[in-house]
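K.L.:
dropping the sequence and predicted coords here.
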Amino acid sequence: MAVDQPTRTRRRYWIKKSAGFFRWLHIYLSMISFATLMLFAITGITLNHPGWFGADQEFITDESGSINTDWISGDIDRLAIVESLRVQHNLKGAVSEFVSDEFECMVVFKGPGYAADVFIDRNSGDYTLTQISTGAVAILNDLHKGRDSGIAWSWVIDISAILMILVSITGLVLLFYLKKRRRSGLIVTFFGLIALVLVWAFWVP
């Protein structure tokens, strides 16, 4: 059955409008996610080869001190202890552990590329502190993995992943509007998928 001219005109109009929408969406999603896409792409390389960029180097410092024994006799004043340690030693990160028994308290601070362990004697108030820090590349690697980076950064990772998925999907959709490149583009996409599966199946231990 032949399609009349007005119907063909409307169809071409909606194809043009939808192509323009997906092109607009693809461009601006790409621009919004550009910084995070570059971050996760670059840190994919630095994670895979940490030795190339010095990401496996650690800097360890040991310190000692004492705290007010009133904070550890009877009920433990955790907030006062943590804030005092932060001020005295410029500790970073969030408190990931605070464990105590009748003899000792252990406080652990953790952040991307950073850890600090504090052991406090409950009888004397004396403590030892060990800080482990790394370079900028190792910090970025931990941000890539979301290690010890908090809820806000976890949301950044999730939103970035969604944006990357949408960029990929809109790019694929745009391919269907390019008649001359549609077939070759789909073939390349298919072979890219097959190559990924083959590498996983035959070369991944």
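P.N.:
Received, thanks.
K.L.:
wasn't residue 63 part of a strand?
P.N.:
Yes: counting by DSSP: H, G, I helix; E, B strand; the rest coil, residue 63 falls inside a strand.
K.L.:
roughly how far is the lowest-mean-pLDDT helix or strand in the chain from the heart of the chain?
P.N.:
Among the secondary structure pieces of the chain, namely its helices and strands, helix 5-32 has the lowest mean (mean pLDDT, DSSP states H and E), a mean of 84. Relative to its chain's centre, helix 5-32 lies at 34 Å (C-alpha atoms, centre = their mean, to the nearest Å).
K.L.:
same question, stretch 148-161
P.N.:
Computed by C-alpha atoms, centre = their mean, the chain-centroid distance of stretch 148-161 equals 6 Å.
K.L.:
buried residues of that stretch, list them for me.
P.N.:
148-149, 156-157, 160 (16 or more other C-beta atoms under 10 Å). All C-beta spots, glycine's among them, are computed from the backbone N, C-alpha and C.
K.L.:
can you list those residues in CSV and add pLDDT?
P.N.:
CSV is the format used below for the buried residues of stretch 148-161 (pLDDT from 0 to 100):
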residue, pLDDT
148, 94
149, 93
156, 94
157, 95
160, 94
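K.L.:
in three-state terms, label residue 73 for me.
P.N.:
Under the three-state scheme (three-state DSSP), residue 73 adopts coil.
K.L.:
just give me the neighbour total for it.
P.N.:
Neighbour count of residue 73, defined by other C-beta atoms under 10 Å: 12.
K.L.:
same deal with residue 87?
P.N.:
Using other C-beta under 10 Å, the number of residues around residue 87 comes to 9.
K.L.:
quick one: the residue nearest to the spatial centre of the chain from residue 8, how far?
P.N.:
With distances taken as C-alpha atoms, centre = their mean, the chain has residue 144 as the residue nearest its mean C-alpha position (3.4 Å). Computed as C-beta to C-beta, to the nearest Å, the residue 144 to residue 8 distance reads 50 Å.
K.L.:
likewise residue 77?
P.N.:
The value you get for residue 77 to residue 8, if C-beta to C-beta is used, is 79 Å.
K.L.:
between these two, who's got more neighbours?
P.N.:
Neighbours around residue 77 and residue 8, counted as other C-beta under 10 Å, are more numerous at residue 77. The numbers are 16 against 11.
K.L.:
skipping adjacent residues, who's closest to the more buried one in space?
P.N.:
Nearest in space to residue 77, with sequence neighbours left out and distances taken as C-beta to C-beta, 6 or more residues apart in numbering, is residue 71 at 4.2 Å.
K.L.:
which ones are touching that neighbour?
P.N.:
Taking C-beta atoms under 8 Å, 6 or more residues apart in numbering as the criterion, residue 71 is in contact with 77, 80-81, 84, 125.
K.L.:
perfect, that will be all.
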